[in-house]
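Engineer: heads up, no residue letters with this:
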């Protein structure tokens, strides 16, 4: 009874503080609204009582007096929040020394309630996912426990025990439907935990991702190296990547919110980007020396981050497809995520680090914040809540939320995701999303235009027409030449080479076509080309040394002296003479061979000089 009484006293005190804060906030809003109304007042109000006796004048005056209030209310609702939010420390204070207890003591009561911890130490580790508007949270334990909740007011929407292994979980269209990758198949559940569908085509999947604008569910299997695309609105299988195309087991999966391309990482450190309408990967990047632990895209789709097993964090540019920055991390991190404002959170073991200004010109040298989850709480997944300064951490003993000032977007796009939506707004948004759904053909690496690039298509068609025109003109000229030459016209390979080398066709069209005929060369010619290529690759000093060696070698000098002697004596070889002695006949073959060797060496020397 003593503890119950103390608890009631604390609750009453907290409720008094909340009422006091609400009253203060209401007074400040009233003052701000009154000041704002004065900006919209135009003209003068009618104060003559006799004139106000007229019903039409009275209605018009009432409308005129209410107009500034409505405009002021509308202006206050559409006014953007300031962007310069974040952690502000005093002079001499280090940001990474600020604990969660210090932040909770400095913020208001409503924000204090967002810092909480759920102890679920029997069924973890837990995968987590926030809904698109950030109002709902889904927890999925490895041992089959799944729960959906409105985390802001701590109301449990649904909870179930699947009695099966859970590999991954993700919300689909909204918080009312979610997909769970279990041991055998991918299942679809309602928010209460009722089973809706079994996606039997998506078997043995352990990574899931949802493309919001295309309404596509993507799943990958690290066991069988496969990828599957499924249209949620129609239930049609859009595309499958077999093991012959994927080749390597997938370690992590993410999708680009700007263009819809899906990135997978494998155990060899290669990042591959995919589209459902293209069989092969759109691009392959060698990101790390070992396994890629996790990958995350920036919300604007222009950057992505890879976290490797070689203790490196790399920042990539999606447009240039190259590394912008490379950071060495001290801990072994397994998961990474990027907030709406560009803060990067990394988790591994019991350590959580927050980095700032990773995508700007001023590169950080140390993390902004450091936190510890406590003994035995091994981080499984970190994820920022949309439109909130909250980081959710799913670990081996449940769930923990951390307050990260300045991480959330203060001005949400209410057309895309409304944090304050009602049930009617939710239903309307589902219909709007279905009507605005993009086809799978629009998925590609072009960040500017989501659909077909008309300029590129027009250029391709022009080049194709020019190529066909060039081929037609070449065939006509060849037929004309064959008629004029008659029997002497070249046939077979000679004719094809002659047609490929016709420069006048290119001059007429102004279009250069690649030759489709391979020139046949003998083994000696190929050997000569290789020698000349090696000679060209040599350094200038090496070439000079080679020439000097050939010029001053004793063998070459002897051969030259012998040639000069023979030329002066006028000795000529006569193989058919019968009057010579036996000694001369024995010497002639030897002299002939030496002369041939001299000629050969001189010819080789001349070629090298050329």
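Structural biologist: Here it is on my side, so go on. In this text, all values refer to a predicted model and were calculated from it rather than measured experimentally.

Engineer: rest of the way, CA atoms for contacts and neighbours
Structural biologist: Noted.

Engineer: which residues does residue 97 contact?
Structural biologist: Contacts for residue 97 (CA atoms under 8 Å, 6 or more residues apart in numbering) come out as 369-370.

Engineer: please report how far it lies from residue 169.
Structural biologist: 34 Å (CA to CA, to the nearest Å).

Engineer: for residue 51, same thing?
Structural biologist: According to CA to CA, residue 51 and residue 169 sit 68 Å apart.

Engineer: tell me which of these two has more neighbours.
Structural biologist: Neighbours per residue (other CA atoms under 10 Å) separate residue 51 from residue 169, with residue 169 holding more: 27 against 12.

Engineer: for that one, name its beta-bridge partners.
Structural biologist: For residue 169, the beta-bridge partners are residue 180 (DSSP bridges).

Engineer: and it, what pLDDT?
Structural biologist: Residue 169 carries a pLDDT value of 97.

Engineer: roughly how far apart are it and residue 147?
Structural biologist: 11 Å.

Engineer: could you do residue 356 as well?
Structural biologist: Applying CA to CA, the value for residue 356 to residue 147 is 32 Å.

Engineer: wait, doesn't residue 319 sit right on residue 302?
Structural biologist: Yes - Residue 319 lies in contact with residue 302 (CA atoms under 8 Å); the separation is 6.8 Å.

Engineer: same question for the strand or helix carrying residue 555, mean pLDDT?
Structural biologist: Per DSSP states H and E, residue 555 falls inside helix 554-569. Averaged across helix 554-569, the pLDDT comes to 83.

Engineer: next one: stretch 454-463
Structural biologist: The average of the pLDDT scores along stretch 454-463 is 79.

Engineer: now what about that stretch, what contacts it?
Structural biologist: Contacts for stretch 454-463 (CA under 8 Å, 6+ apart): none.

Engineer: now the chain, which segments are flagged as low pLDDT?
Structural biologist: Within the chain, the stretches with pLDDT under 70 are 1-14, 43, 77-85, 446-453, 485-519, 539-552, 571-610.

Engineer: how about the contacts made by the residue most central in space within it?
Structural biologist: The C-alpha lying nearest the average C-alpha coordinate of the chain belongs to residue 304 (CA atoms, centre = their mean; 5.2 Å). Counting by CA under 8 Å, 6+ apart, residue 304 touches 295-298, 315-318.

Engineer: tell me which helix or strand it sits in.
Structural biologist: Going by DSSP H and E, residue 304 is in strand 303-308.

Engineer: immediately after that strand, which helix or strand?
Structural biologist: Beyond strand 303-308 toward the C-terminal end (DSSP H and E), the next one is strand 312-317.

Engineer: give me the buried positions along the helix or strand following that following strand.
Structural biologist: Per DSSP H and E, strand 312-317 leads on to strand 322-328 as the next helix or strand towards the C-terminus. Neighbour counts over strand 322-328 (16 or more other CA atoms under 10 Å) mark no residue as buried.

Engineer: list the contacts of strand 322-328.
Structural biologist: Outside strand 322-328, the residues touching it (CA under 8 Å, 6+ apart) are 311-317.

Engineer: give me the sheet partners of that strand and which way each runs.
Structural biologist: strand 312-317 (antiparallel).

Engineer: what angle sits between the partner strand and strand 303-308?
Structural biologist: Angle, strand 312-317 to strand 303-308, by axes from the mean of the first three to the mean of the last three CA atoms, to 10 degrees: 160 degrees.

Engineer: run the chain-centre distance for stretch 342-350.
Structural biologist: 19 Å (CA atoms, centre = their mean, to the nearest Å).

Engineer: distance between the ends of it?
Structural biologist: With CA to CA, one end of stretch 342-350 sits 23 Å from the other.

Engineer: next one: stretch 38-49
Structural biologist: Termini of stretch 38-49 sit 24 Å apart (CA to CA).

Engineer: chain center to it, what's the gap?
Structural biologist: Counting by CA atoms, centre = their mean, stretch 38-49 comes out at 57 Å from the chain centroid.

Engineer: could you pull out the buried residues of that stretch?
Structural biologist: So, applying 16+ other CA under 10 Å, buried residues of stretch 38-49: residue 41.

Engineer: make residue 1 into 209 and carry on from there
Structural biologist: All set: I'll call the first residue 209, so the last point we hit is now stretch 246-257.

Engineer: name the residues that touch that stretch?
Structural biologist: With CA under 8 Å, 6+ apart as the criterion, stretch 246-257 contacts 260, 269, 272-273, 276, 279-280.

Engineer: count of residues packed around residue 728?
Structural biologist: 9.

Engineer: ok, it to residue 739 distance?
Structural biologist: 18 Å.

Engineer: what's the longest strand in this structure?
Structural biologist: For the chain, the longest strand by residue count, based on DSSP state E, is strand 403-411.

Engineer: surely residue 386 meets residue 394?
Structural biologist: No - using CA under 8 Å, residue 386 is not in contact with residue 394, being 10.5 Å away.

Engineer: how about the helices in the stretch 359-508 of the chain?
Structural biologist: 451-454 (DSSP state H, counting those that start in this stretch).

Engineer: how about the helices in the stretch 509-658 of the chain?
Structural biologist: 631-643.

Engineer: got the contact list for the closest residue to residue 448 other than its chain neighbours?
Structural biologist: Nearest residue to residue 448, sequence neighbours excluded (CA to CA, 6 or more residues apart in numbering): residue 436, at 4.7 Å. For residue 436, the contacting residues are 410, 426-428, 445-449, by CA under 8 Å, 6+ apart.

Engineer: and residue 436, bridged to which residues?
Structural biologist: What pairs with residue 436, by the bridge criterion (DSSP bridges), is residue 427, residue 448.

Engineer: distance check, it against residue 483.
Structural biologist: 11 Å.

Engineer: now do the same end-to-end measure for stretch 513-527.
Structural biologist: 14 Å.

Engineer: now swap in stretch 541-549 and tell me
Structural biologist: 22 Å.

Engineer: please enumerate residues in contact with that stretch?
Structural biologist: Contacts for stretch 541-549 (CA under 8 Å, 6+ apart): 501-507, 515, 519, 552-557, 588-595, 614-617.
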